[in-house]
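Peer 1: build me a structure from this.
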Amino acid sequence: MDMGRFLIETHLRTGRPIKELAAAHDVSAGWLFKLLRRYRLEGPAGLEPRSRRPHWSPTRIADVYEDEIVALHKVLADDGLDAGAATIHFHLSKRYDTAPSVSTIFRVLKARGFVAVEPHKRPKSSFKRFVADLPNETWQADMTHVELEGGVVYEVLNMIDDHSRLCVASRAMKTVKATDVVRVLHKAAENWGYPASFLSDNGLIFTTGRHHQVAGATEQELFALGIGAKHSRPYHPQTCGKVERFHQTMKKFLAAQDIKSPKQLQRQLDRFVGYYNEERPHRGIGRKTPASVYAARDKAVPSPSFVKVGDRRLRFDRVDKAGRVTLRRRGRLHHIGVGRPYAGWRVAMLIADLDIEIVGVDGSPLRRLVLDPTKNYQRIP
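Peer 2: Numbers count the residues shown, from 1 in each chain. Okay, the predicted model is just below:
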């Protein structure tokens, strides 16, 4: 019930003083006197609730920047780039010492009809996120498809740094092969250095181990460089979620461009990567640019599996529960039996071509053998 209307009507009907009514109902007497004046000037319409918003706010910051906010939103959106309030705030902060807040920009966009309010989503705090501690600790890689005019489809290989989200490589080609992955990896390393590990899905351009029990070109090269090869489990793209999300952002940008040839596609990819790395604030890293986050910490480096000891190579391993150690030779994985009593032991393998000596870290000899390259499992004699 409208308390103001009720008390004014009571005053007019019964003649009770305004101050007495105000005290009895715990409201302001000044407010009731104001309502009474409105009633005498306008009649019952004067008792209707009115907005307290001022007619003019000369210091209201949104009025000063409103047209620029809308113009910047249109420029970013037309180019297929993120045009949200946080991104606009980032760009305005580079132009002005005092820029409107993210919430103010959001209100302007909402008032102009550029924001469609979405239903409540699952809170971000409910997600468990895994992020590498250092730049180059892990690179995520994946391939996606991009359709040009005329229905021609090209494949784009993307590699990003897990810690900083920095895109280290984005290359378009008709068909991506394992040798292309190796070539792009080396090219990216010229600018950013080699990663300590390399995470991908189980596509044949990244691994053949699940299909042929023999390492493919990519895994062999990673092994030779001392880079750990990691793969997501089948049908679980969330493991490579950062590069999967990068695909979406990239495709949104490409959809807004006029691309008719593969050369134009690569030029637009290079343009997008430059903007993404150097200018675009990334929500997943505290609204910083990937390049600034990448540069803020020391970089991880590969850990070679082998070191030289005279004319032999030295490799450290741990005996598994079945009493075996593993050795990869020419892309083929071999299991070497040591014995179940040594399960969990740290051991060293001294390798000279096919001659292998396995000793405990305390120097105690465990096994010596000549590797049979035709067999996956080297049994204990």
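Peer 1: pLDDT wise, what is the residue nearest to Leu81 when sequence neighbours are not counted at?
Peer 2: Excluding its sequence neighbours, the residue lying closest to Leu81 (CB to CB, 6 or more residues apart in numbering) is Phe253, at 6.0 Å. All C-beta atoms are positioned from the backbone trio N, CA, C, and that covers glycine. Looking at Phe253, its pLDDT is 94.
Peer 1: ok, now how distant is Phe253 from Val273?
Peer 2: Distance, Phe253 to Val273, using CB to CB, to the nearest Å: 10 Å.
Peer 1: so where is the stretch 101-250 of the chain shaky, pLDDT-wise?
Peer 2: Scanning the stretch 101-250 of the chain for pLDDT under 70 picks out 117-129, 208-215.
Peer 1: returning to that earlier point: give the full set of residues in contact with the residue nearest to Leu81.
Peer 2: By CB atoms under 8 Å, 6 or more residues apart in numbering, Phe253 lies in contact with Asp79, Gly80, Leu81, Gln268, Phe272.
Peer 1: can you do 10 Å?
Peer 2: Shown in contact with Phe253 (CB atoms under 10 Å, 6 or more residues apart in numbering): Asp79, Gly80, Leu81, Asp82, Gln268, Leu269, Arg271, Phe272, Tyr275, Tyr276.
Peer 1: quick one, phi psi at the last one?
Peer 2: The main-chain torsion angles of Tyr276 are listed as degrees, to the nearest 10 and equal phi -60, psi -40.
Peer 1: next one: the fifth one
Peer 2: Backbone dihedrals for Gln268, given as degrees, to the nearest 10, come out at phi -70, psi -40.
Peer 1: over to Glu9?
Peer 2: Glu9 adopts backbone torsions of phi -60, psi -40, taken as degrees, to the nearest 10.
Peer 1: likewise for Met143?
Peer 2: phi -120, psi 140.
Peer 1: so what's the residue count around it?
Peer 2: 21 (other CB atoms under 10 Å).
Peer 1: try Gly151
Peer 2: Gly151: 6 neighbours (other CB under 10 Å).
Peer 1: ok, it to Val102 distance?
Peer 2: 41 Å.
Peer 1: same question for Lys230.
Peer 2: 36 Å.
Peer 1: then Asn376?
Peer 2: Counting by CB to CB, the gap from Asn376 to Val102 is 58 Å.
Peer 1: so those two - more neighbours on which side?
Peer 2: Applying other CB under 10 Å to Asn376 and Val102 shows that Val102 carries more neighbours, namely 16 against 12.
Peer 1: my guess is the more buried one contacts Arg283. True?
Peer 2: No. Counting by CB atoms under 10 Å, Val102 does not reach Arg283; the two are 11.3 Å apart.
Peer 1: if I look at the two, which residues touch both of them?
Peer 2: Gly84, Ala86, Thr87.
Peer 1: narrow the residues you listed to just the buried residues.
Peer 2: Gly84, Thr87 (16 or more other CB atoms under 10 Å).
Peer 1: CSV for the shared contacts of Val102 and Arg283, including secondary structure?
Peer 2: Putting the shared contacts of Val102 and Arg283 into CSV (DSSP: H, G, I helix; E, B strand; the rest coil) gives the following:
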residue, secondary structure
Gly84, coil
Ala86, helix
Thr87, helix
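Peer 1: between the shared contacts of Val102 and Arg283, which sits nearest Val338?
Peer 2: Ala86 (55.9 Å; CB to CB).
Peer 1: list the contacts for that closest one?
Peer 2: Counting by CB under 10 Å, 6+ apart, Ala86 has contacts Val102, Ile105, Phe106, Pro281, His282, Arg283, Arg287.
Peer 1: residues contacting the residue nearest to the fifth one when sequence neighbours are not counted?
Peer 2: Same thing as His282. Setting aside the residues directly before and after it, His282 is nearest to Arg165 in space (CB to CB, 6+ apart), at 5.3 Å. With contacts defined as CB under 10 Å, 6+ apart, Arg165 is in contact with 131, 140, 242-243, 245-246, 276-277, 280, 282-285, 288-291, 293-294.
Peer 1: list buried residues within the residues you listed.
Peer 2: 140, 242-243, 246, 276-277, 280, 282, 285, 288-291, 293-294.
Peer 1: in strands, which of the residues you listed fall?
Peer 2: Judged by DSSP state E, the subset of the buried ones among the contacts of Arg165 located in strands is Gln140.
Peer 1: nearest to Glu147, of the buried ones among the contacts of Arg165?
Peer 2: Taking CB to CB as the measure, Phe246 is the one of the buried ones among the contacts of Arg165 closest to Glu147, at 18.0 Å.
Peer 1: pretty sure the closest one is touching Val168, no?
Peer 2: No. If you go by CB under 10 Å, Phe246 and Val168 don't touch, sitting 11.1 Å apart.
Peer 1: find residues that contact each of those two.
Peer 2: Joint contacts of Phe246 and Val168 (CB under 10 Å, 6+ apart) are Gln140, Asn158, Met159, Ile160, Val273.
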